[in-house]
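Novice: Give me the fold of what follows.
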Amino acid sequence: MLSRKNLSCVALLAFAPMLRAQTPPTAYTIIEGVNGENNGATTTIYRSGDKVLQEFNQPAQGGNPASRTLTLIDLAKHVNWSWDPAADPIACGAGTFSGDWGDPFGMMGELNDGIHKGELKPGGTQMLAGVSTTLYTGSTGGTPVKAWVDQKDGLAVKVVVGDGPQSMTMVDVRRVTFAAPPAAKFALPNSCAGAKAPPTAAETVAALTSDDAANWVANLGPSSKNSCTIVFRVVTAGSMAPIGRKYQVAIDPTYNIDSPPHYTFGVGDDGTSTFSGGGLHEVTNQVRNGMLRIENAPAVFGLSMNILTPGHGADSTFIYRHCFAPVTVLYDIVNDVNDPSKGETFLFAKSGRYATDPTR
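Specialist: Below is the predicted model:
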């Protein structure tokens, strides 16, 4: 079954191996109907190199006035700004992104796979949106598909999934122009100059570690298939120095991600915690020189770190095992050692100076 990925209601598809291999163009204007609906709503994508402007137009309907929204995207810096050009004054919202931004040539896999397998076969040519297209028909995953493809540029101009009343138009390109739009298209309104995007994930990691973000991996699944020993360290954000405060550590090597255990934490007057529930047990007495060594770490394990602070008890998380060497270092980076409520970040050192086994 075909799936649809989009940002600002864009879902265009491109093809590679069974069509002529090519590099997608980076200068164009593409207008399409939003989600294939016949309600007059359109999305226009203007692109010139690393600069993209998405324009969403919604006509008046059902008592709601017409609306127009613009989103400027900087592909090199992974930041975007959105605004309503009819607002007075104009206010911008700024953000960051990663992965799919709605590239009309970005979804190259699914239909191309069907063509490669022979599930979708060419069946003649037809002019659509001012370009000559080849019609591919067949089914993928048991779902009927019709796709009109611009062979020259590798763009799906129209894609219809399903038959009869249950069919859905996933892509409906209305017009295509392969030329760089005017530079003025990509200018922010003056009132948006002060809108600052939040830091990207890489910028956040770099600020926490004072290191190249490429050296670090977040605590996200899936776990490494290979096993390793994990050395756990608690450090201060920015300096990466040991926190210089007394803390407790508890682990649960039996943590089941499909059926998470319930933990209970007791809290003493000085912030000392007790740990119970699941397989969670305190291992503070195993900490040596500010480090806890977890031999043959499980693929997923529960972890609780508690900086002793009056009025503040322990909490917990679970860790996905990541192994980049026989001994891999996991850092708990604390934002404010005097105020644990300000949070912490768990990062694995993949490479660089912080990845060296500190017990040697």
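Novice: Tell me the helices and strands packed up against the least confident helix or strand in the chain by mean pLDDT.
Specialist: The helix or strand of the chain with the poorest confidence is helix 110-117; it has a mean of 76 (mean pLDDT, DSSP states H and E). Counting contacts by 3 or more CB pairs under 8 Å, 6 or more residues apart in numbering; DSSP states H and E, helix 110-117 is packed against strand 131-140, strand 143-150. For every residue, glycine as well, the C-beta is placed using N, CA and C.
Novice: What are the contacting residues of the longest one?
Specialist: This points to strand 131-140. The contact list for strand 131-140, computed with CB atoms under 8 Å, 6 or more residues apart in numbering, reads 1-2, 110-111, 113-115, 119-127, 144-153, 155, 157-158, 176.
Novice: now do the same end-to-end measure for stretch 209-220.
Specialist: 18 Å (CA to CA, to the nearest Å).
Novice: err, stretch 306-315, not the other one
Specialist: 7 Å.
Novice: How about stretch 174-188?
Specialist: Start to finish, the residues bounding stretch 174-188 are 26 Å apart (CA to CA).
Novice: Now find how far off-centre it is within its chain.
Specialist: Here stretch 174-188 is found 27 Å from its chain centre; the criterion is CA atoms, centre = their mean, to the nearest Å.
Novice: For residue 185, see how far away residue 46 is.
Specialist: 5 Å (CB to CB, to the nearest Å).
Novice: Phi first, then psi, for the most centrally placed residue in the chain.
Specialist: Residue closest to the average C-alpha location in the chain (CA atoms, centre = their mean): residue 98, at 5.0 Å. Residue 98 adopts backbone torsions of phi -140, psi 160, taken as degrees, to the nearest 10.
Novice: about what we covered before: ok, residue 46 and residue 185, which is more surrounded?
Specialist: Neighbour totals were compared for residue 46 and residue 185, and residue 46 leads with 22 against 17 (other CB atoms under 10 Å).
Novice: what about the residue sitting furthest away from the middle of the chain, is that helix, strand or coil?
Specialist: Relative to the centre of the chain, the most outlying C-alpha is that of residue 269, 41.5 Å out, by CA atoms, centre = their mean. Here residue 269 is coil, with the state taken from DSSP: H, G, I helix; E, B strand; the rest coil.
Novice: I'd like to check which residues are in contact with it.
Specialist: Neighbours of residue 269 in contact, by CB under 8 Å, 6+ apart: residue 310.
Novice: State the number of residues packed around residue 114.
Specialist: 23.
Novice: quick one: it and residue 145 touch, right?
Specialist: Yes. Look at residue 114 against residue 145 with CB atoms under 8 Å: they come within range, at 6.9 Å.
Novice: Spit out the residues that contact these two alike.
Specialist: 120, 136, 138.
Novice: With pLDDT, distance to residue 303 and neighbour count as extra columns, can I get those residues in a markdown table?
Specialist: Converted to a markdown table, the shared contacts of residue 114 and residue 145 look like this (pLDDT from 0 to 100; distance: CB to CB, whole Å; neighbours: other CB atoms under 10 Å):
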| residue | pLDDT | distance to residue 303 | neighbour count |
| --- | --- | --- | --- |
| 120 | 89 | 48 | 24 |
| 136 | 91 | 50 | 24 |
| 138 | 90 | 50 | 18 |
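Novice: Return the member of those residues nearest to residue 213.
Specialist: residue 120 (40.3 Å; CB to CB).
Novice: Low-confidence bits of the stretch 101-250 of the chain, can you list those?
Specialist: 106-111 (pLDDT under 70).
Novice: if you go through it in chain order, where are the helices?
Specialist: Assigned by DSSP state H, counting those that start in this stretch, the stretch 101-250 of the chain shows helices spanning 110-117, 201-209.
Novice: quick one: which of those helices is nearest residue 247?
Specialist: Closest to residue 247 of the helices of the stretch 101-250 of the chain, according to CB to CB: helix 201-209, at 18.2 Å.
Novice: buried set for that closest one?
Specialist: 205, 206, 208, 209 (16 or more other CB atoms under 10 Å).
Novice: go on, stretch 168-183?
Specialist: Quick answer for stretch 168-183 (16+ other CB under 10 Å): 169, 170, 171, 172, 173, 174, 176, 180, 181.
Novice: Which residues are in contact with the last one?
Specialist: By CB under 8 Å, 6+ apart, the contact list for residue 181 reads 27, 29, 46, 47, 48, 53.
Novice: now the least confident helix or strand of the chain against strand 143-150, angle please.
Specialist: Inter-element angle recorded for helix 110-117 and strand 143-150: 100 degrees (by axes from the mean of the first three to the mean of the last three CA atoms, to 10 degrees).
Novice: Measure how helix 110-117 sits relative to strand 131-140, angle-wise.
Specialist: Using the same axes, to 10 degrees, helix 110-117 lies at 80 degrees relative to strand 131-140.
Novice: what's the burial count for the closest residue to the residue nearest to the centre of the chain other than its chain neighbours?
Specialist: Nearest non-adjacent residue to residue 98, counting by CB to CB, 6 or more residues apart in numbering: residue 78, 6.1 Å away. Residues within reach of residue 78, counting by other CB under 10 Å, total 18.
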